[in-house]
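1. What follows is a protein structure lacking sequence information:
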RNA sequence: GUCCCCUUCGUCUAGAGGCCUAGGACAUUACCCUUUCACGGUAGUAACACGGGUUCGAAUCCCGUAGGGGACGCCA
């Protein structure tokens, strides 16, 4: 069987991190089975859909590397639901013709009254089928009707969900939903089913907020006599506090993670491990993810988002990434901090510093922050801890050491360490007593990568310049 | 309110009736390494929501209870 999955966001905002997880699972499932992964933009809500939002979502998908296969659709690089509206309307009319749907002339106000009454009586709020069996002759001429599904009123509808298992609902719980609005546009329920059918979707993988919609959609498939795809509903991703993940939790959009210096491979790996596991494996590279991913491994319970764990996964992928590539990724963040561009020499220095920077950072932003001092010019402003290190004694030692450093033939970290160790031994000092002042002098802080590495990278001229600045 | 789903360390999870004295990862604590901070290494604290069954035996199967989530639009 040739597998076809799809990701179907509505372009009313950014790409939500939960949506990204859904997209990832769809993508992995398609790749695992050698099938296709399609992108459909659900833009039938003309008031809320925006082109900017579509761009943002596409960007997010690209950043995560979730490539879709329908890049050439009527001049667009995605499938637009809105463009299929004629087809949706046609299907709705077909259903009226075959007796599985009917025109309903109840006004919005009339329905509001109906729901209010139901609520007041403590009854479930459902359309009562008032136009279900009325003859066409009753139809008022001046009210444009909607088309409603003539849903079965007895028996039950069963969904065999690949994640949730067999789920049954009594048909008496479901009402006759609207398929086509009075203005002739399709509702989500209709559009989804028609598009999934037309696109040949074999596996509908989506968030479990759609679970109860599935029963109604199955009824549409049945009314049209279409094959029902396999459904798989993924549990929600919740915020750290167990509430629905939202702006309040800080980073709901995929773009937020890019801006905060997370690597897409880390985000993917982290997202994959939410509600899914492969034994004790934690770090799962993409090729393994494709090889191992299956729907049966997806858990049923919602998961909370944990930034600490994401950080640790990100730290792992940072350590794995080649220095040059990492430097290239960090440069924009440094540029943002410095407010100026880096010279090729500076980028080269950053690349050479990367082995010392990598193990100390969890995000690209952290690398940028801790590497700023390399590109610093002028005097540092020291904090209290640093000032405490720069005692008159320490300055005196540094002055003596300056002379020795100047005489160095090769300004390497090994050579520097050698003269510092020799000096410490001569004076009966601990290495830290002179290494820390050097650190403060040339890095501007008490915390930095190994200080002799730093000095060697800065070079003799810059190192001595910075030392002179403080003595 | 009605319907649907879920419940293993703080968090993500392993677990398919005996392999469980419940494993791993993150977080956390201590120690080692060490010129700072990290990385790395070693050790530790920490969970089967509760109550009933079924069974020789239950984290695992069944039934309740509690808690959580979701859906009930001419939104998607």
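-> Noted; the coordinates are in hand. Everything quoted here is computed from the prediction, not taken from an experiment. Numbers count the residues shown, from 1 in each chain, chains lettered A, B, ... in the order given.

2. So which elements touch the lowest-mean-pLDDT helix or strand in chain A?
-> Of all helical and strand segments in chain A, the minimum by mean pLDDT, DSSP states H and E falls on helix A:108-120, at a mean of 86. Applying 3 or more C-beta pairs under 8 Å, 6 or more residues apart in numbering; DSSP states H and E, we find helix A:108-120 packed against no helix or strand. For the C-beta atoms, the positions are set from N, CA and C on the backbone; glycine is no exception.

3. And that helix, what's buried?
-> Under the neighbour-count criterion of 16 or more other C-beta atoms under 10 Å, helix A:108-120 has A:111, A:114 buried.

4. How many residues are close by residue A:46?
-> Residue A:46 has 9 neighbours, counted by other C-beta atoms under 10 Å.

5. cool, the one 10 residues further on as well?
-> Using other C-beta under 10 Å, residue A:56 has 19 other residues around it.

6. what does residue A:422 give?
-> By other C-beta under 10 Å, the residues close to residue A:422 number 11.

7. Distance of it relative to RNA strand B?
-> For residue A:422, the distance to RNA strand B (C-beta to the nearest atom of the strand, to the nearest Å) stands at 13 Å.

8. Test for you: state the pLDDT assigned to that residue.
-> Each residue has a pLDDT score; the one for residue A:422 is 94.

9. Could you list which residues are in contact with the residue nearest to residue A:258 when sequence neighbours are not counted?
-> In space, and not counting its chain neighbours, residue A:258 is closest to residue A:63: 5.7 Å by C-beta to C-beta, 6 or more residues apart in numbering. For residue A:63, the contact set (C-beta atoms under 8 Å, 6 or more residues apart in numbering) comprises A:254-255, A:258, A:264.

10. Pull out whichever of those are also neighbours of RNA strand B.
-> Filtering the contacts of residue A:63 for proximity to RNA strand B by C-beta under 7 Å from any atom of the strand leaves nothing.

11. Those residues: which two are farthest apart?
-> Within the contacts of residue A:63, two members stand farthest from each other by C-beta to C-beta: A:255 and A:264, at 11.5 Å.

12. Pretty sure residue A:299 sits against residue A:273.
-> No. Between residue A:299 and residue A:273 no contact is recorded; they are 10.6 Å apart, counting by C-beta atoms under 8 Å.

13. neighbour count winner among the two?
-> Legend: neighbour count by other C-beta under 10 Å for residue A:299 and residue A:273, higher for residue A:273 (19 against 13).

14. which residues touch that one?
-> Per C-beta under 8 Å, 6+ apart, neighbours of residue A:273: A:282, A:284.

15. On the pLDDT front, check it for me.
-> You'll see residue A:273 listed with a pLDDT of 94.

16. ok, now how distant is it from residue A:460?
-> 48 Å (C-beta to C-beta, to the nearest Å).

17. swap in residue A:470?
-> Going from residue A:470 to residue A:460 by C-beta to C-beta gives 17 Å.

18. higher neighbour count, these two?
-> Between residue A:470 and residue A:460, counted using other C-beta under 10 Å, residue A:470 has the larger neighbour count: 19 against 15.

19. Not counting its neighbours along the chain, what's nearest that one?
-> Nearest one to residue A:470, counting by C-beta to C-beta, 6+ apart, is residue A:441 at 4.8 Å.

20. now do residue A:34
-> Closest to residue A:34 by C-beta to C-beta, 6+ apart is residue A:3, at 7.5 Å.

21. In contact with the one you found, which residues are there?
-> Residue A:3 is in contact with A:29-30, A:33-36, A:202-203, counting by C-beta under 8 Å, 6+ apart.

22. Would you point out the most distant pair within these?
-> Farthest apart among the contacts of residue A:3 by C-beta to C-beta are A:34 and A:203. That separation is 13.2 Å.

23. Could you pick out the buried ones from the contacts of residue A:3?
-> The neighbour-count test (16+ other C-beta under 10 Å) marks A:29-30, A:33, A:35-36, A:202-203 as buried among these.

24. need the residues of the stretch 301-450 of chain A near RNA strand B, please.
-> Neighbours of RNA strand B within the stretch 301-450 of chain A, by C-beta under 7 Å from any atom of the strand: A:301-304, A:306, A:308-309, A:311-312, A:315, A:319, A:359-360, A:417, A:430-432, A:435-436, A:439, A:446-450.

25. Buried among these? Need that as a selection in ChimeraX.
-> Burial among these is assessed by 16+ other C-beta under 10 Å; the matching ChimeraX selection reads:
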select /A:302,303,311,315,417,435,436,439,446,448,449
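
26. Just to be sure, which of the residues of the stretch 301-450 of chain A next to RNA strand B are found in strands?
-> A:303-304 (DSSP state E).

27. among the residues of the stretch 301-450 of chain A next to RNA strand B, which are in helices?
-> Within those, residues falling in helices by DSSP state H are A:308-309, A:311-312, A:315, A:319, A:417, A:431-432, A:435-436, A:439.

28. Looking at those, spot the one nearest residue A:144.
-> Closest to residue A:144, out of all of these and judged by C-beta to C-beta, is residue A:309, at 53.2 Å.

29. how distant is the helix or strand hosting residue A:167 from the center of its chain?
-> Assigned by DSSP states H and E, residue A:167 belongs to strand A:165-170. In terms of C-alpha atoms, centre = their mean, to the nearest Å, the centre of strand A:165-170 is found 31 Å from the chain centre.

30. can you tell me the average pLDDT over it?
-> 89.

31. and if you look at stretch A:379-397?
-> Here the average pLDDT along stretch A:379-397 is 91.

32. Can you give me the buried ones in that stretch?
-> A:380, A:382, A:386, A:389-390, A:394, A:397.

33. Fine by me, we can end here.
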